[in-house]
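Student: sequence plus predicted model, see below.
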Amino acid sequence: MLKIKTLIVGLLKKIAHFFHNIYCYFKSLRIKLEQKERVSKREELIITLSAIGIAFVLSGIFIALNGVNPFVALWKVIVSALGSPYGISETLVKAIPLIFTGLAVAIALNSKLWNIGAEGQLFFGATLATAFIIYGPVLPKPLEITVLIALGAIGGALWAGIPAILKIKFKMNEVISTLLLNYVAINIADYFLFGPWKGKDNFPYTPEFPPEAKFSRIGFGRVHAGLILALVLVVLLYILIYHTKTGYKLRMTGSSLKAAKYAGINIKKMMFMVFLLSGALAGLAGVSQICGIEYKLHQHISTGYGYTGIIVAWLARTNPFIIVIFAIFLSILLKGADSLQIAMRLPASVGVVMQALILFAILGSELFKNYNVKLIRGK
Amino acid sequence: MSEIKNNSNLVLMKNISKSFYGNKVNTDVEFTLEKGEIHALLGENGAGKTTLMNMLTGVYFPDDGEIYFKGKKLNFKFPGNALQIGIGMVHQRFSLVGNLTVLENLILGHPDNKFVINIPEKKKLIKTYMDQFNFQIDMDAIVGELPIGVRQKVEILKMLVREVDVLIVDEPTTVLTKQEADNLMEILKSIAKTGKGIIFITHKMSEVFQIADKITVLRKGLKIATVDKNDTNPRKLAKMMVGKESEITFERPKVETKPGVVKIQNLFVNSDKGILAVNDLSFELAGGEIIGIAGVSGNGQVELADALTGNRDVIRGKILFKDDDITNDTPVKRIDKGVSYVPGDRIHVGVAGNQSVWENIIMKVYRLPRFKQGILLNNKKLKEYAEKIIKKYNIFLPSINLPALLLSGGNLQKLIIGREMERDCDLYVFVYPTRGLDVGATEFVRNAILQLRNQGKAVILISGDFDEIFGLSDRIAVMYEGNFTGIFDNGVHSLEEIGLMMSGCSEEQAVKEMSNA
């Protein structure tokens, strides 16, 4: 009896000792940070891709905890988003608003301004365009569409103009003002949806738009002309940023306010312009949603496209062409998450969790862009 | 002879090598520091002085080589480690919290701090340090409101309070006036007397002889020599430092002046804090003339330059440029009218650091019709223009797409001056144009300024360097609290008299004072 007892005690001691050793090993690990002089484009790409990879691994763990094999889930995502013409077209449909909002956030980010309000600008642009459809005359289709696009852009720009003025005149932080104005814009839309524009069956959505107000399909599933508009804007923005005087001023202002002022650039005017442009792009996302897909205004015209646009912009940074790539990448996830929900009974929040993990990983990867990080054993 | 075995070695750095992206910044460098020694680390910009010291303080890790401190090999875990074991560095950019008081800054993060800090006791403790080393600082002053010279003292005091054995000061006098610098040297000397080792990074010869016991010269990352102060002279050191002997002589040929290019009438300008910085200032400047403005930093010189170039609003008064009232013109209007500004803050104001070199060179010409192509910019032509300037002004860089902030101080200033000279303006305003530059770049800048004068341009030179003021100016103005205490032809007054004017004496008072002495 005594023998067994000492044996067990000895064994326990050994186990404790073993874990203590492991603990000591990890405790002795130290992280060394060394500032980097600069990062090459290639290194930056590798870091970004690794961050996405890590986000995927973490998402996999989350999915596994829900009792689903993450590899199967990943396969399901890819197949559902890219495995059939229908899947691809639906993925593109989701990519369209993301290109707009991605461009909107990125152009502001380019000038070191944070537009967290793309969601609100999207709604306000959509609301303004809807107002014209409801109260305005029905014009011939090309004219009607042009007016709606213009109104969407103006609506978004107006909504972004408020935080712009607050920032320029009163130095209010635009992160807070743009974010909070999202709720206001959504509530304004709600007011009309639950009030004057309420549908015949008392549900909060407008009647279906007349055919003149609908974007044409381009002959591939539900993909609509909004895609063409988005791609044209990508090219135009690229030219604007890199090949015009305004773009030069914009880049200078984004790089250093003091230097831009010294160079004779009216930085307040530039900031104001960037805000309006950013808002207009987000407003277009709204028009493209109501006129291209939904054909009516309701509460769910955006599934957080304004916020997902922030991730797109962070991933792609300043180049408009790369925004298209990452907009499609995120729309694959959005589409995939939808089918996971249906096919594998995963909670709807899987998609949101994945997005959040990607954003965290990308933000965390900033450390690796600015520092050499080494793990060493110290005393 | 072997220094390495000497027991009094506080610091011993052996065969240190470090490179960044393939560029060797330090190659096989040896360095020793003894107790009570002031050891100057001399070298041009980019010679690897700061990098070497950053390795001693654990900011960087050497690729190769070993560092010993008090005979023990160093293996830092994080930069704060160095301070814990007694190696403190005062950087060119201070690490003080502007919103806190001097006292709060001094005890911030101090290892002896308990959960509750006994403020009166700390005050008493710090007072003993202040008395010992002859500091006079108001402990309750807000650091952000103190002049830069005082802030530097706070930074040094912070190191002393932490009982460091090795104090590294990185080019401490670049931001100081002569008097402030002298005062700093005295303090450093008294610190060394208590047995602490001091490493003094500099590229100013006069300081080396004023303060150092030993001098180590670095050039292009290599240690050239370590010498005793008494065994050398400035000429020899200059030779080691630059590889060639440099002679600073300026010729100012007589040029025909065009009077009245700039007329400033009763100018009032506020500082950032809303305090009157330029106070009822009037003067005139001719084309082909350099006016050197001397003064203790913070007496309104920078505000004056900003106001002249449109970067700061004028409260009252007039600025006439070629008889055109430009007082309320925007910066861009003044750029077009021919006002050029070489700002003191090269890296933040002179260029947009993250933008490429070529984009920074075209900063003031991109709007010109000749660079237009329809509604677009002709990037090809703009790049050609940038390349022309790079060639003409000998700016060394691997690619015109390099972000401007990666240029060394000298190359950056060449870029800015090249950009401005190429625009052919009538008024040039220079603010501390050679601050922090090495001998070669300094010579380039000074020659450029003279060249402008000889071409008949009006030049305003704001500087803290007397060699520069005396060497270049046709007239000298001394600025004190927003106005000139004297404005006179170069050569009329001695350095001592100007020093008195800088501290507020009028011209007559200064002359009287000096003749009494």
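Tutor: Okay, I see it. This is a predicted model, so every value here is computed, not measured.
Student: okay, now the residue of the stretch 101-250 of chain B found nearest chain A: neighbour count?
Tutor: At 14.9 Å from chain A, residue B:221 is the closest residue in the stretch 101-250 of chain B, using CB to the nearest CB. The way it works is simple: take the backbone N, C-alpha and C, and place the C-beta from them, glycine included. When neighbours are counted by other CB atoms under 10 Å in any protein chain shown, residue B:221 registers 23.
Student: what residues does it make contact with?
Tutor: Listed by CB atoms under 8 Å, 6 or more residues apart in numbering or on different chains, the contact set of residue B:221 reads B:24, B:25, B:26, B:27, B:29, B:47, B:48.
Student: I'd assumed residue B:51 was in contact with the first one.
Tutor: No: between residue B:24 and residue B:51 there is no contact under CB atoms under 8 Å: 10.3 Å.
Student: okay, those two: which has more neighbours?
Tutor: Neighbour totals were compared for residue B:24 and residue B:51, and residue B:51 leads with 21 against 15 (other CB under 10 Å).
Student: can you read off the pLDDT for that one?
Tutor: If you check residue B:51, the pLDDT there is 86.
Student: my understanding was that it contacts residue B:18; is that so?
Tutor: Yes: judged on CB under 8 Å, residue B:51 makes contact with residue B:18 at a distance of 6.0 Å.
Student: overlap in contacts, those two.
Tutor: Taking CB under 8 Å, 6+ apart as the contact rule, residue B:51 and residue B:18 both touch B:25, B:26, B:60.
Student: where do the contact lists of residue B:24 and residue B:51 overlap?
Tutor: In contact with both residue B:24 and residue B:51: residue B:18, using CB under 8 Å, 6+ apart.
Student: about what we covered before: and which of the shared contacts of residue B:51 and residue B:18 is nearest residue B:402?
Tutor: residue B:25 (17.0 Å; CB to CB).
Student: check which helix or strand covers that closest one.
Tutor: Element membership for residue B:25, per DSSP states H and E: strand B:23-34.
Student: just the buried ones out of the contacts of residue B:221, please.
Tutor: For these, a neighbour count by 16 or more other CB atoms under 10 Å in any protein chain shown gives the buried set as B:25, B:26, B:27, B:29, B:47, B:48.
Student: picking up where we left off before, which among the shared contacts of residue B:51 and residue B:18 gets closest to chain A?
Tutor: Using CB to the nearest CB, the shared contacts of residue B:51 and residue B:18 come closest to chain A at residue B:60, 6.1 Å.
Student: do you know how far the closest one is from residue B:74?
Tutor: As defined by CB to CB, to the nearest Å, residue B:60 lies at a distance of 13 Å from residue B:74.
Student: same question, residue B:342
Tutor: Distance from residue B:342 to residue B:74, by CB to CB: 42 Å.
Student: check chain A for its longest helix and report it.
Tutor: helix A:141-170 (DSSP state H).
Student: how about whichever helix or strand comes after that one as PDB, C-alpha atoms only?
Tutor: Next in sequence after helix A:141-170, counting helices and strands by DSSP H and E, comes helix A:174-194. Extracted C-alpha coordinates of helix A:174-194, given in PDB (Å, rounded to 0.1, in the frame of the first residue of the first chain):
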ATOM      1  CA  GLU A 174     -13.700  61.600 -37.900                       C
ATOM      2  CA  VAL A 175     -13.700  58.100 -36.600                       C
ATOM      3  CA  ILE A 176     -16.300  58.900 -34.100                       C
ATOM      4  CA  SER A 177     -18.400  61.200 -36.100                       C
ATOM      5  CA  THR A 178     -18.600  59.000 -39.200                       C
ATOM      6  CA  LEU A 179     -19.300  55.900 -37.100                       C
ATOM      7  CA  LEU A 180     -22.100  57.500 -35.200                       C
ATOM      8  CA  LEU A 181     -23.700  59.100 -38.300                       C
ATOM      9  CA  ASN A 182     -24.200  55.500 -39.600                       C
ATOM     10  CA  TYR A 183     -26.900  55.000 -37.100                       C
ATOM     11  CA  VAL A 184     -28.500  58.300 -37.900                       C
ATOM     12  CA  ALA A 185     -28.600  57.500 -41.600                       C
ATOM     13  CA  ILE A 186     -30.000  54.100 -41.000                       C
ATOM     14  CA  ASN A 187     -32.700  55.500 -38.800                       C
ATOM     15  CA  ILE A 188     -33.600  58.100 -41.400                       C
ATOM     16  CA  ALA A 189     -34.100  55.300 -43.900                       C
ATOM     17  CA  ASP A 190     -36.200  53.500 -41.200                       C
ATOM     18  CA  TYR A 191     -38.300  56.500 -40.700                       C
ATOM     19  CA  PHE A 192     -39.400  56.500 -44.300                       C
ATOM     20  CA  LEU A 193     -39.700  52.700 -44.500                       C
ATOM     21  CA  PHE A 194     -41.900  52.600 -41.500                       C
END
